[in-house]
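Peer 1: missing the sequence, but the structure's below:
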């Protein structure tokens, strides 16, 4: 089934958008397409949309099906890599739909599925901020906090493909409630949603000074951009809340340094992209205060470089390596 | 320099004892010797004692120098595996003494140094509780808490050989002071020394009922055996303190499960050896309550099987693999 074509497709199946990229042998993007993900659609409708996005990217690149050797997909949530199904997540419910099998049938090439945070971390490792590094941890604070581990030059998946759930490391058993049901997870201290809760309460108490936050008590309306603007407006109380989250993020990073002794931590995700560099600086300072000196001294902290392309390029690399092994 | 002899030496250089084992090709122990480590001795005196212990084990096994292909050593603290020196630890100070070079000179065979917790974990993985498992975490609560990681069938050392410092994962930023200077490390919540602090205060307040603890306010006198006896005596307050530590240990185990998605956690060390199985049961229950259900459901928790031999057999295996690579 594997073709000797040098070109593969990388696909980022996100909860709000999907993105296909046609990736040449030299890892350059030859074409792309991006569409909104309508999470409330049926599995069949989502599948059709994925196929359309791939086809549009192929048209953009001017390549046909015979030019494509395989498709790699970064998907939200845990992936059963043996089975080829996705577990349902709040934004995409594919139920019992076997995405890998259906895509292989549709395009006639091998398809690899991988968790999107792993895929993005691998993309940064191969082509972005982590080029040349062998031990790299990706941490992506957004609505939640995802993590990916590259250990000794390989994407580390753990026993059942679930490794890297750094966001659910408990850093304070009496801390705020997390979406997973526990208290005090890193995600409950340093994600966008955890900040939205505290900032909505700030507004409710009439203590927000930024026009972006004043009277905004609906946490659904407090997005990463809101935080960005509140900081730009010089809202001191909002800034203190945000920097406290950075401090907590750094504590989580310190734990990872002590456990895994990495060379580099790459920070990405919605919060990191939206907030000024002082957020990352504060997290890094906290990491250096909380980790063992001998382990942290050579750790580099850097911001993800590839943006939207990280998952596409990582997914392309994953299917490329799988095709190599299959040869 | 490598000889084709099938026999290697495994050595456990501990802070209070040293142990040499002669290990045959089938990983059976042909002979052994054990001596006290006198930590206050000079580097030269410690080295001579190591050589004597090795020689005595060889005599016990009836083998000569020509029968030995290499020596593996599990050593306390971080090991600079390139350089061959040990960093000073509270119990052994070898300063600038190059232990690997001197041993290679003395015995005329290649020598490998590795951190003792890593070595013990690797021993359990190869020959003990973890046989047949590919993703295994060793956690050893004693005076402190050490950890070792076997990921995808290989001992994971991290970027500079320091991976596995699970004891210094912060699980509560306002928690008790740790020996590393931070607050709320796992080690400050669930090590023998952390328990000794709370139990000494219990005695000081006149609340201990066990004869073992009554009037014992010197934390140096509260050993693992003291804890064991206090529990056997049915000292309810002491038991509550010890089980609270098990609960915290389980929280740390849950974090490791979420981050690394292992198949098995092996618990060993002084506390686990001394305390009844209810301690491990309590830690396991806490782990299952605190970890993500999908990641923890298949995790096995088990007690280390090899006791004193874990480091000796692990060290023997490490030098054996190094000799294989060198062939």
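Peer 2: Alright, I've got the coordinates. Quick caveat, the model's predicted, so the values are computed rather than measured. Numbering: from 1, shown residues only, chains lettered A, B, ... in the order given.
Peer 1: can you name the residue of the stretch 51-200 of chain A nearest chain B?
Peer 2: residue A:158 (2.6 Å; Cβ to the nearest Cβ). All C-beta atoms are positioned from the backbone trio N, CA, C, and that covers glycine.
Peer 1: helix, strand, or coil at that residue?
Peer 2: coil (DSSP: H, G, I helix; E, B strand; the rest coil).
Peer 1: not counting sequence-adjacent ones, nearest residue to it?
Peer 2: Leaving aside its sequence neighbours, residue A:158 sits nearest to residue B:261 (Cβ to Cβ, 6 or more residues apart in numbering or on different chains; 2.6 Å).
Peer 1: surely residue A:270 is in contact with residue A:225?
Peer 2: No - with contact defined as Cβ atoms under 8 Å, residue A:270 does not count as touching residue A:225 (9.2 Å).
Peer 1: more neighbours: which of these two?
Peer 2: A count of neighbours by other Cβ atoms under 10 Å in any protein chain shown puts residue A:270 above the other of residue A:270 and residue A:225, at 17 against 11.
Peer 1: need the contact list for the closest residue to the more buried one other than its chain neighbours.
Peer 2: Ranked by Cβ to Cβ, 6+ apart and with sequence neighbours excluded, the top spatial neighbour of residue A:270 is residue A:142, at 3.7 Å. By Cβ atoms under 8 Å, 6 or more residues apart in numbering or on different chains, the contact set of residue A:142 is A:191, A:192, A:224, A:269, A:270, A:271.
Peer 1: quick check: residues of the stretch 51-200 of chain A near chain B?
Peer 2: When proximity is defined as Cβ under 8 Å from any Cβ of the partner chain, the stretch 51-200 of chain A approaches chain B at A:78, A:87, A:134-135, A:147, A:149, A:151-152, A:154, A:156-166, A:168-174, A:180, A:182.
Peer 1: look at residue A:79 and report its pLDDT.
Peer 2: pLDDT for residue A:79: 79.
Peer 1: wait, it sits on residue A:86?
Peer 2: Yes - using Cβ under 8 Å, residue A:79 makes contact with residue A:86 at a distance of 6.1 Å.
Peer 1: overlap of the contact sets of these two?
Peer 2: Shared contacts of residue A:79 and residue A:86 (Cβ under 8 Å, 6+ apart): residue A:113.
Peer 1: any idea how far the residue at the greatest distance from the centre of chain A lies from residue A:176?
Peer 2: Distance from the centre of chain A peaks at residue A:206, with 34.1 Å (Cα atoms, centre = their mean). For residue A:206, the distance to residue A:176 (Cβ to Cβ, to the nearest Å) stands at 22 Å.
Peer 1: follow-up on the earlier one: hmm, residue B:260 and the residue of the stretch 51-200 of chain A closest to chain B touching each other?
Peer 2: Yes - proximity of residue A:158 to residue B:260 meets the contact threshold set by Cβ under 8 Å, at 5.8 Å.
Peer 1: higher neighbour count, those two?
Peer 2: Neighbours per residue (other Cβ under 10 Å) separate residue A:158 from residue B:260, with residue B:260 holding more: 26 against 22.
Peer 1: where does pLDDT dip in chain A?
Peer 2: By pLDDT under 70, the low-scoring segments of chain A are A:1-5, A:81, A:88, A:90-91.
Peer 1: where along it do the strands fall?
Peer 2: With DSSP state E as the criterion, chain A has strands at A:7-13, A:17-23, A:29-36, A:68-75, A:79-80, A:85-86, A:111-115, A:136-141, A:145-151, A:154-155, A:264-267, A:300-303.
Peer 1: most tightly surrounded among the ones you listed?
Peer 2: strand A:136-141 (a mean of 29; mean count of other Cβ atoms under 10 Å in any protein chain shown).
Peer 1: now it and strand A:145-151, what's the angle there?
Peer 2: 170 degrees (axes from the mean of the first three to the mean of the last three Cα atoms, to 10 degrees).
Peer 1: who are the packing partners of strand A:136-141?
Peer 2: Packed against strand A:136-141 by the contact rule (3 or more Cβ pairs under 8 Å, 6 or more residues apart in numbering or on different chains; DSSP states H and E) you find helix A:116-127, strand A:145-151, helix A:236-260, strand A:264-267, helix A:270-274.
Peer 1: which ones are touching the closest residue to residue A:16 other than its chain neighbours?
Peer 2: Among residues not flanking residue A:16 along the chain, residue A:37 sits closest, at 5.7 Å (Cβ to Cβ, 6+ apart). Neighbouring residues of residue A:37 by Cβ under 8 Å, 6+ apart: A:13, A:14, A:15, A:16, A:17, A:18, A:46, A:49, A:91, A:92.
Peer 1: can you do 6 Å?
Peer 2: Shown here is residue A:37, whose contacts under the criterion Cβ atoms under 6 Å, 6 or more residues apart in numbering or on different chains are A:16, A:17, A:18.
Peer 1: ditto for residue A:226
Peer 2: residue A:212.
Peer 1: how about residue A:103?
Peer 2: Neighbouring residues of residue A:103 by Cβ under 6 Å, 6+ apart: residue A:111.
Peer 1: and the gap between the spatially most central residue of chain A and residue A:185?
Peer 2: For chain A, residue A:117 is the residue whose C-alpha lies nearest the centre (Cα atoms, centre = their mean; 3.8 Å). Relative to residue A:185, residue A:117 is positioned 15 Å away (Cβ to Cβ).
Peer 1: cool, and residue A:197?
Peer 2: On the measure of Cβ to Cβ, residue A:197 and residue A:185 end up 14 Å apart.
Peer 1: just residue A:290 next, same as before
Peer 2: According to Cβ to Cβ, residue A:290 stands 17 Å off from residue A:185.
Peer 1: the more surrounded of these two?
Peer 2: Neighbour comparison, residue A:290 and residue A:185: the larger count goes to residue A:185, with 32 against 26 (by other Cβ under 10 Å).
Peer 1: the more buried one contacts residue A:178, correct?
Peer 2: Yes - with contacts counted by Cβ atoms under 6 Å, residue A:185 reaches residue A:178, the gap being 3.9 Å.
Peer 1: and for these two, which residues touch both?
Peer 2: With Cβ under 6 Å, 6+ apart, residue A:185 and residue A:178 have no common neighbours.
Peer 1: ramachandran coordinates for the residue nearest to residue A:270?
Peer 2: Dihedral pair for residue A:142: phi -140, psi -130, per degrees, to the nearest 10.
Peer 1: and residue A:182, by the same measure?
Peer 2: phi -80, psi 180.
Peer 1: give me the number of residues near it?
Peer 2: The local packing of residue A:182 (other Cβ under 10 Å) involves 22 other residues.
Peer 1: then the one 5 residues further on?
Peer 2: Other residues within reach of residue A:187, judged by other Cβ under 10 Å, total 28.
Peer 1: list the contacts for it?
Peer 2: Contact analysis of residue A:187 by Cβ under 6 Å, 6+ apart lists A:144, A:145, A:167, A:178.
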